[in-house]
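>>> fold the following.
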Amino acid sequence: MDIPASLVKQLREMTDAGMMECKKALVEVNGDLQKAVEYLREKGLSKAAKKADRIASEGMITLNVNSDFTKASMVEINSETDFVAKNDNFKNLGIKTLDIISSSNISSVEELNKSQIDGNIFEEYLKTQIAKIGENIVVRRFVSIDAKNTIVNGYLHSNGRVGTIIALSFKNKDSKDKLIELSKNLCMHAAAMKPQFISSDSFDDNFIQKEKIALKGEIEKENEERKRLGKHLQVVPEFVSKKELTSEILAKQQEKFKENLREQKKPEAIWDKILPGLMDRFIADSTLLDQRLTLLGQFFVMDDKKTIEQVLSEKSKELNDEIKVVEYVRFELGEGIEKKEEDFAKEVANQMK
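Take a look at the predicted model:
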């Protein structure tokens with residue numbers, strides 16, 4: 001069947017699906033536009049079901065940082081299919097929802113549902129949008145960070161699937177403007193590197209020991225393959241977190257390095273130039289858990305020779321201030337939705353009940 005280009009264009013505008021997908025859909029339903037919309041919708045639902053194994057949902061994350069960097073808000077709204085998430089009505093819903101959250105002290109979805117939007121109760125307004133868009137939609141979660149003596153910044157990835165907010169505290173008011181770029185870069189780092197915590201202070205001893213066993217097993221398994229290939233073996237660490245590195249352990253390790261330097265007959269006059277590098281390497285090798293899970297323990301993507309903690313320490317010295325990360329939030333679309341026997345469309349529908 002010969003499908004007019006104008007009809008393909010119209011279907012694309014209605015669904016945001018690809019040109020080839022639109023043409024195929026119209027061919028399948030003999031040029032019936034409404035049936036083609038349903039065809040693509042069913043196809044979208046099928047894709048969503050297949051993606052359940054990766055614990056991925058559809059929808060978008062929306063972020064707003066106010067002009068003076070004192071408040072940032074972020075919301076995740078879920079839809080059933082990916083092309084509906086690109087729909088202008090869906091995008092406008094995200095913007096309006098974020099405006100309500102940014103301009104109020106709402107702290108829960110229940111409070112949001114009772115709030116006012118365009119002269120209506122939000123819960124009723126959402127139902128009208130669901131009817132208009134043609135899919136179930138859920139405001140899954142949101143956050144607002146608004147604190148004194150801090151700079152709050154955020155980053156939203158271009159695909160709308162990852163957003164981060166970070167608040168830095170400082171003591172000198174003159175520091176604020178000088179921290180805007182750094183705070184933005186830290187947000188971009190967090191979006192890419194996925195830290196779960198600010199620092200190892202969030203770890204308890206049981207968690208560290210459990211993760212240490214897993215990390216050692218992982219390295220030992222990798223070393224088996226390295227040995228088979230004749231590659232250099234990785235060191236299996238005795239420690240995995242800065243929280244384990246007491247002052248006594250660090251002092252003992254420094255003495256070991258000094259003894260090695262004596263055996264190598266290195267002049268003591270140059271030890272102070274060698275030891276810092278050796279200790280930094282030891283700490284890096286002994287904090288693998290922090291590097292994986294904590295913002296401060298990770299090496300900065302824009303300067304991979306320094307951890308975020310070291311970057312903040314240097315910035316503090318530069319500004320004669322004390323710069324700290326006091327709040328951190330990262331949203332990734334669909335994270336934490338447990339895989340069930342049902343598909344994501346049913347997951348969203350159940351949240352609506």
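>>> would you state the strands of the stretch 1-150 of the chain in chain order?
Secondary structure of the stretch 1-150 of the chain (DSSP state E, counting those that start in this stretch): strands at 58-65, 71-79, 116-117, 120-121, 138-146, 150-156.
>>> same list, those, but as a markdown table with mean pLDDT please.
A markdown table is the format used below for the strands of the stretch 1-150 of the chain (pLDDT from 0 to 100):
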| stretch | mean pLDDT |
| --- | --- |
| strand 58-65 | 94 |
| strand 71-79 | 94 |
| strand 116-117 | 90 |
| strand 120-121 | 90 |
| strand 138-146 | 93 |
| strand 150-156 | 97 |
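>>> reformat these as a markdown table; add distance to K227.
All C-beta spots, glycine's among them, are computed from the backbone N, C-alpha and C. Below are the strands of the stretch 1-150 of the chain laid out as a markdown table (distance: least, C-beta to C-beta, whole Å):
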| stretch | distance to K227 |
| --- | --- |
| strand 58-65 | 44 |
| strand 71-79 | 45 |
| strand 116-117 | 62 |
| strand 120-121 | 65 |
| strand 138-146 | 46 |
| strand 150-156 | 41 |
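>>> right, so of these, which gets closest to N185?
Of all the strands of the stretch 1-150 of the chain, strand 150-156 sits nearest to N185, with 8.7 Å by C-beta to C-beta.
>>> just give the strands next to the closest one in its sheet, each with its orientation.
strand 162-169 (antiparallel) (DSSP bridges).
>>> the partner strand: how far from the chain's middle?
Here strand 162-169 is found 10 Å from its chain centre; the criterion is C-alpha atoms, centre = their mean, to the nearest Å.
>>> next one: stretch 10-19
Worked out by C-alpha atoms, centre = their mean, stretch 10-19 lies 30 Å from the chain centre.
>>> do stretch 127-142 as well
That offset, for stretch 127-142, works out to 24 Å (C-alpha atoms, centre = their mean).
>>> now the end-to-end length of that stretch.
End-to-end distance for stretch 127-142, by C-alpha to C-alpha, to the nearest Å: 19 Å.
>>> how about stretch 61-73?
End to end - C-alpha to C-alpha - stretch 61-73 spans 11 Å.
>>> what's next to it, contact-wise?
74-77, 94-95, 97-99, 101-102, 142-147, 150-156, 160-163, 165, 167, 176, 180, 183, 331, 333 (C-beta atoms under 8 Å, 6 or more residues apart in numbering).
>>> all helices for the stretch 1-150 of the chain, in order.
Shown for the stretch 1-150 of the chain, the helices assigned by DSSP state H, counting those that start in this stretch span residues 5-15, 19-28, 33-50, 82-85, 88-102, 109-114, 122-133.
>>> any regions of this structure where pLDDT drops low?
15-17, 41-57, 336-353 (pLDDT under 70).
>>> how is it divided into domains?
5-54, 58-198+333-352, 200-319 (automatic domain parsing).
>>> among those, which comes closest to V325?
Checked against C-beta to C-beta, the stretch from those lying closest is domain 58-198+333-352, at 5.3 Å.
>>> for stretch 311-330, buried residues please.
For stretch 311-330, the neighbour count (16 or more other C-beta atoms under 10 Å) marks 311-312, 315-316, 319, 321, 323-330 as buried.
>>> what comes into contact with it?
74, 143, 145, 147, 150, 152, 162-172, 174-175, 178-179, 182, 186, 190-191, 194-195, 198-199, 295-296, 300, 303, 306, 308.
>>> and the buried ones among these, selectable in PyMOL?
The PyMOL command for the buried members of the contacts of stretch 311-330 (criterion: 16+ other C-beta under 10 Å) is given here:
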select buried, resi 74+143+145+150+152+162+163+164+165+166+167+168+169+170+175+178+179+182+186+190+191+195+198+199+295+296+300+308
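>>> using TSV, lay out the buried residues of stretch 311-330 together with distance to D272 and secondary structure.
Below are the buried residues of stretch 311-330 laid out as TSV (distance: C-beta to C-beta, whole Å; DSSP: H, G, I helix; E, B strand; the rest coil):
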residue	distance to D272	secondary structure
V311	24	helix
L312	25	helix
K315	25	helix
S316	23	helix
L319	27	helix
D321	28	coil
I323	27	coil
K324	29	strand
V325	31	strand
V326	35	strand
E327	38	strand
Y328	36	strand
V329	41	strand
R330	40	strand
